[in-house]
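1. predicted model, plus sequence, below.
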Protein chains: 2
Amino acid sequence: MSNGVNVGIVGATGQVGAVMRTLLAERDFPIASIRFFASARSAGTTLNFRGEEIVIEDAAMADPTGLDIALFSAGATTSRAQAERFAASGALVIDNSSAWRMDPEVPLVVSEVNPHAIDEAKKGIVANPNCTTMAAMPVLKVLHAEAGLARLIVSTYQAVSGSGLAGARELATQVRTAVRDENLLQLVHDGSAVSMPEPTIYARPIAFDVVPLAGSIVDDGEYETDEEKKLRNESRKILELPELLVSGTCVRVPVFTGHSLSIHAEFERDITPERATELLSDAPGVQLAEIPTPLEAAGKDPSFVGRIRADQSAPKNKGLALFISNDNLRKGAALNAVQIAELVAERLRAAANA
Amino acid sequence: MSNGVNVGIVGATGQVGAVMRTLLAERDFPIASIRFFASARSAGTTLNFRGEEIVIEDAAMADPTGLDIALFSAGATTSRAQAERFAASGALVIDNSSAWRMDPEVPLVVSEVNPHAIDEAKKGIVANPNCTTMAAMPVLKVLHAEAGLARLIVSTYQAVSGSGLAGARELATQVRTAVRDENLLQLVHDGSAVSMPEPTIYARPIAFDVVPLAGSIVDDGEYETDEEKKLRNESRKILELPELLVSGTCVRVPVFTGHSLSIHAEFERDITPERATELLSDAPGVQLAEIPTPLEAAGKDPSFVGRIRADQSAPKNKGLALFISNDNLRKGAALNAVQIAELVAERLRAAANA
């Protein structure tokens, strides 16, 4: 262990996999060896890591023996199929998909919020939260510790990179077509006047539009999307508040990267905007911003939080309104997974030295 | 009166003024004569109306005598300076600015919601609500009548045309610069990688971004914007619920036209999503949509409403979540003013025939 840990990335060729590779290099993660895994289609090709060409292995066929940590970001299907096999070989799996998040034997961890839960990974799997939920957790954790979180009402402004590169391409293609149209400013008066390619990723055009349906409606008669349910269920699990009241509306907006949340929160005990601002000014993973925006958050680590006010529809000093923006590909996915890996690497080092 | 009413438009050259001219022609408004007013700068030029060239008069200098109805959309400063003078000459002023909305002697009217209030125009002025508030009123009125509205939590997705043509130009210019940059898709990973012109209208870039500060912060220590205060105060006045609990977060999004609202509402009596959908299916000024979007609403009259669900953070059957999109230049401004004018014209005709 003195030379670091043996790390694998499953889904190394994807959008989040690419950010994981960057972060492992940037953050000087203690690596003894690194292996990349992807689908059969990419197997045999190579990816550069710190000047070395790493041959990509087929995740379904490779023998994971020897890995200490496996970072999974290849979708829920691959995670369901492969995570237990990797864990059985002795690797701790840190899974970025939704596959294992609600399994009671799998901790759901935000590195600044509930790192202790890593030790409860009975299946050898730790889950990384949904990117929208993630953005809010470092902020809400601190406010909850102060005043007791009772209720969350959230409307989101989610970036297209949350749907992978295909989402980003759909926005770019629609915008490029629209701006070539000399009638662009006609959009001011009549959306139908400008031609745009038919949407394929989203249910409606995303350029110069907002689509109040991020994710897909879950077929349980509640008319909520899976994103809206994740927001509720994952917030409850991470904050260890199984009865927390949560209502969300998840909306896709024409932003490339950076998820934002407009949050109206209620508390059991008194909290003022001034006290909340003071607490958040040195909260880990949080940065105060006068006007947080996704474009500012993109490429950066913290959850930017601002517009902190009293929620004037709540009882006096019992409600806050605030706005959060965070990079959904970094903290919202790759960064948190790497931060969990760092905590695991520390535990492995401590165990080796014990 | 048998030949219709004598109408004036103050601010006829502006964005909303242009839509007013279109609507008066499209809707066969009963016009005996029409006059256009604008600033001294435009006075003397002409605008075509139904094939006739109308010479624009200087609003500050013109004698309004003879007008039955004056539609004002030239900003709050002009309305404060001129509305009472026009009203004193015998015209009923329908004012689209914020100047008179909270005056207790000036009714604030949404044509489908509280048309009766027109008769209480003690100053000869009727005010047209803020476009964001307007979008929600035809929907909330019907739900309130059924179940007694108690609390509103609103996050908005407001179009740049709400800031006039300058807002639309700022979005168009920033987008055009960004898409010319061959690094456009680099925005996916790092917002700073693409060059965009400095913002002038908004506090942050609006292309591929969201700016959680629509309007300006009011200097009363509450950290709310004037838009957020209008949403509260105007909702209370229009719905005749002076104690209604309202908390809003007003956000600008890169959409040309069409304001949207994510609403979480609480009620005194039971209401289910199914009952709400049934009520809204034939509510005046409302159209159900599976996925309401601003691009679909642009150029159309109704408030499109969808994503109607139980607010699961509220007591059972006491909360609803829903999403509304509406054209902020039509119903949000010009259309409602013209609809009020139609109601006034009917009253004038009835009075003339009495």
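-> Yep, that arrived. Residues are numbered from 1 along each chain as shown, chains lettered A, B, ... in the order given.

2. show me chain A divided up by domain.
-> Per the record's domain assignment (automatic domain parsing), chain A is made up of the domains A:5-128+A:334-353, A:132-164+A:207-328.

3. any idea how many residues pack against residue A:118?
-> The number of residues packed around residue A:118, counting by other C-beta atoms under 10 Å in any protein chain shown, is 17. Where you see a C-beta, it was placed from the backbone N, CA and C, and this is true even at glycine.

4. and it, that's in a helix?
-> Yes. Assessed with DSSP: H, G, I helix; E, B strand; the rest coil, residue A:118 lies in a helix.

5. residues in contact with it?
-> Going by C-beta atoms under 8 Å, 6 or more residues apart in numbering or on different chains, residue A:118 touches A:107, A:109, A:126, A:340, A:343, A:344, A:347.

6. the second one touches residue A:133, doesn't it?
-> In this case it means residue A:109. No. Here residue A:109 lies out of contact with residue A:133, judged by C-beta atoms under 8 Å, at a distance of 11.9 Å.

7. so what sits against both of the two?
-> Once C-beta under 8 Å, 6+ apart is applied, the residues that residue A:109 and residue A:133 both contact turn out to be residue A:238.

8. thinking residue A:292 is in contact with residue A:306, fair?
-> Yes. Counting by C-beta under 8 Å, residue A:306 is a contact partner of residue A:292 at 4.5 Å.

9. please say which of those two ends up with more neighbours.
-> With neighbours defined as other C-beta under 10 Å, residue A:292 and residue A:306 compare such that residue A:292 has more, 28 against 21.

10. tell me the residues of the stretch 51-200 of chain A that contact chain B?
-> A:151-153, A:155, A:157, A:161, A:165, A:168-169, A:172, A:175-176, A:179, A:184-185, A:187-193 (C-beta under 8 Å from any C-beta of the partner chain).

11. just those: which are in helices?
-> When helices are assigned by DSSP state H, the members of these inside them are A:165, A:168, A:169, A:172, A:175, A:176, A:179.

12. columns pLDDT on top of these, output as TSV?
-> Below are those laid out as TSV (pLDDT from 0 to 100):
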residue	pLDDT
A:165	85
A:168	91
A:169	91
A:172	91
A:175	92
A:176	88
A:179	85
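
13. got a quick PyMOL command for the buried subset of those residues?
-> Remark: buried members of these, expressed as a PyMOL selection using 16 or more other C-beta atoms under 10 Å in any protein chain shown:
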select buried, chain A and resi 168+169+172+175+176+179
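
14. how far away from the center of its chain is the least confident helix or strand in chain A by mean pLDDT?
-> Per-element confidence for chain A was summarised using mean pLDDT, DSSP states H and E. The lowest value among helices and strands belongs to helix A:165-180, with a mean of 90. How far helix A:165-180 lies from its chain's middle: 23 Å, per C-alpha atoms, centre = their mean, to the nearest Å.

15. next one: the residue lying closest to residue A:40 once chain neighbours are set aside from residue B:177, what distance?
-> With C-beta to C-beta, 6 or more residues apart in numbering or on different chains as the criterion, residue A:40 has its nearest non-adjacent residue at 4.8 Å, and that residue is residue A:58. Using C-beta to C-beta, to the nearest Å, one gets 43 Å for the distance from residue A:58 to residue B:177.

16. what bits of the stretch 51-200 of chain A have low per-residue confidence?
-> Across the stretch 51-200 of chain A, residues meeting the criterion (pLDDT under 70) sit at A:191-193.
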